[in-house]
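Colleague: sequence and predicted structure are below.
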Amino acid sequence: MWKIILATFLILMGAIEILLVLNKPLREEIMKNSPIQSTSSTPIFLVLAGISAFVMAFLLLFYDRVF
């Protein structure tokens, strides 16, 4: 049960990060209120974090079938 909850959370976080990459006004509004100042390379890091979250979620769900 804990694997499904954690995988759902990771998929949700990955989807939000990909959404922030695709929606620049939303990303700018969120980063405006952030204590860490945004740089021009922020979309690249968000894409990598989103893909990483998706990969971790699917490996967590299908670990028994692969290994």
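Modeller: On my side now, so go ahead.
Colleague: how about the helices of this protein, start to end?
Modeller: Ranges of helices within the chain are 2-22, 24-32, 42-66, based on DSSP state H.
Colleague: can you list those in a markdown table and add mean pLDDT?
Modeller: Formatted as a markdown table, the helices of the chain follow (pLDDT from 0 to 100):
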| stretch | mean pLDDT |
| --- | --- |
| helix 2-22 | 93 |
| helix 24-32 | 86 |
| helix 42-66 | 89 |
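Colleague: mean neighbour count added to those helices, as CSV?
Modeller: All C-beta atoms are positioned from the backbone trio N, CA, C, and that covers glycine. Shown next, in CSV, are those (neighbours: other C-beta atoms under 10 Å):
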stretch, mean neighbour count
helix 2-22, 15
helix 24-32, 11
helix 42-66, 14
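Colleague: so who does the spatially most central residue of the chain touch?
Modeller: The centre of the chain sits closest to residue 14, judged by C-alpha atoms, centre = their mean, with a distance of 2.6 Å. Contact analysis of residue 14 by C-beta atoms under 8 Å, 6 or more residues apart in numbering lists 49-54, 57.
Colleague: ok, residue 59 to residue 21 distance?
Modeller: From residue 59 across to residue 21, the span is 22 Å (C-beta to C-beta, to the nearest Å).
Colleague: no, scratch that, I was asking about residue 62
Modeller: In terms of C-beta to C-beta, residue 62 sits 25 Å off from residue 21.
Colleague: ditto for residue 48
Modeller: 10 Å.
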